[in-house]
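# Sequence and predicted structure are below.
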Amino acid sequence: MFNLVIFGPPGSGKGTQSDKIIEKYQLKHLSTGDLLRAEKRSGSELGKEIQRIIDNGELVPDAMVQQMVKAFVEKNKDANGFIFDGFPRTVQQAQWLDQMLPDFNTSVSLMLSLDVEEDELKKRLLSRGAVSGRADDQNVSIIENRIQVYHHQTIPVMDFYKKQMKYAKVEGVGDIDDIFKRVCLTIEKYMK
Ligand code: B4P
């Protein structure tokens with residue numbers, strides 16, 4: 001099994017590159033953002049709480065996300081491997097993932113981080129907000145809060161994987177297919 005954590009700030013291209021990676025390497029795509037938005041759309045009480053958190057640009061509590069991740073892995077335990085997109089976003093989530101995956105006789109193979117500077121992130125998210133209807137992409141101060149949350153709560157996850165020699169950085173600016181070529185070269189180094 002090859003398990004990839006795709007990492008980067010909001011708008012760095014995690015979802016965009018994940019779509020291409022799953023097609024090429026036949027991995028299962030686990031996007032916590034997508035799972036949370038699906039719950040939000042269901043209109044449940046939990047969905048309303050999730051909506052409030054996401055629309056303010058904050059992180060949903062670890063336990064809630066972890067429950068969704070475990071259910072997804074359990075349901076797809078025969079997969080070739082997973083792309084964890086948007087997860088783990090806190091050191092606590094990373095520690096939990098390291099303890100959970102051995103129950104399925106597997107572990108994280110690589111954390112691939114997409115490197116994009118802040119002005120480019122804001123530009124991308126605002127242009128997606130103009131067409132997607134995502135409330136968290138439509139307001140500059142919410143976008144700035146998401147980037148702040150990334151700096152304070154999510155960047156420490158990099159060190160967690162650096163210590164395990166499972167970290168690699170890829171330049172995330174430029175043509176989507178050129179970025180994908182760099183992503184594939186990195187993945188294939190770790191697949192050996
Ligand atoms: P996510 O859905 O993960 O949203 P995101 O960080 O904005 O990344 P996304 O994948 O959407 O953007 P991408 O970089 O692909 O999370 C949403 C919210 O859910 C979080 O804020 C949080 O509240 C909650 N959440 C999710 N996971 C959680 C967790 N583990 N714990 C707690 N809470 C959690 O792309 C952005 C745009 O850029 C796209 O429009 C794309 O077309 C464009 N783009 C991509 N590559 C490009 C390129 N090379 N050039 C130009 N544009 C490009």
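Received it, and whenever you're ready, just let me know what you need.

# quick one: contacts for the residue of the chain at minimum distance from the ligand?
At 1.8 Å from the ligand, residue 33 is the closest residue in the chain, using CB to the nearest ligand atom. C-beta here means a position set from N, CA and C on the backbone, and glycine is covered the same way. Residue 33 is in contact with 15, 85, 86, counting by CB atoms under 8 Å, 6 or more residues apart in numbering.

# any idea which helix or strand carries it?
Here residue 33, judged by DSSP states H and E, is contained in helix 32-42.

# Other residues contacting stretch 66-81?
Applying CB under 8 Å, 6+ apart, the external contacts of stretch 66-81 come out as 1-4, 25-28, 30, 32, 35-36, 39, 82, 84, 87, 93, 96-97, 100-101, 104, 106, 109.

# repeat that with 10 Å
When contacts are defined by CB atoms under 10 Å, 6 or more residues apart in numbering, stretch 66-81 is touched by residues 1-4, 22, 25-32, 35-36, 38-39, 60-61, 82, 84, 87-88, 92-93, 96-97, 100-101, 103-106, 109, 191.

# Buried ones in that stretch, by neighbour count?
66, 68, 69, 72, 73, 79, 81 (16 or more other CB atoms under 10 Å).

# Please list the members of the residues you listed that lie in strands.
Among the buried residues of stretch 66-81, none falls in strands (DSSP state E).

# Since that was my last question, I'll sign off now.
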